[in-house]
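**Student:** One predicted model, sequence on top.
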Amino acid sequence: MTAFRQVLLILLFGSLVSTTFAMPTEGEFGAIINIAGRQRMLSQKMTKEAALIALKLDADRIESSLRGSIALFDMSLAGLKSGNKGLGLPATEDPKILAQLEKILGIWTQYKGQLEAGADQGAFPP
């Protein structure tokens, strides 16, 4: 076998291996979709919890629930980006997806700060 063929086979094998490891499995795709859906639900749930705290409706119980929702959203967002074996999430390697996750992280950081401040004070600004 010529050196050219050997190099070509090595490059071909390397690209197949990297593609195989970079692509999520069917189970991982399912986990990604489920966690992304849960993120949408959690964003709505946290807004509702903040509104209930602002209305002073069972604020202590709702505050605890809000803090749990914040922690779950935080963990899930980190898992969607960096992977989380417990959630069945692989680390994201696609630059376009990573760029979008960074945008979401910027928005989330501000929103999370407002939620935590409101929970700490037991009230949200009108």
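**Tutor:** Perfect, thanks for sending it. Numbering: from 1, shown residues only.

**Student:** Where does pLDDT dip in this structure?
**Tutor:** Applying pLDDT under 70 to the chain flags the ranges 1-22, 125-126.

**Student:** what's the spatially most central residue of the chain in contact with, if anything?
**Tutor:** When CA atoms, centre = their mean is applied to the chain, the residue found nearest the centroid is residue 77 (1.9 Å). Contact partners of residue 77, counting by CB atoms under 8 Å, 6 or more residues apart in numbering, are 39, 101, 104-105, 108. Any C-beta I mention is one placed from the backbone N, CA and C, and that applies to glycine too.

**Student:** 6 Å instead, please
**Tutor:** By CB atoms under 6 Å, 6 or more residues apart in numbering, no residues touch residue 77.

**Student:** Helices of this structure, residue ranges please.
**Tutor:** Using DSSP state H, the helices found in the chain span residues 3-22, 26-54, 59-82, 95-121.

**Student:** How many residues are close by residue 30?
**Tutor:** Residues lying near residue 30 (other CB atoms under 10 Å) number 12.
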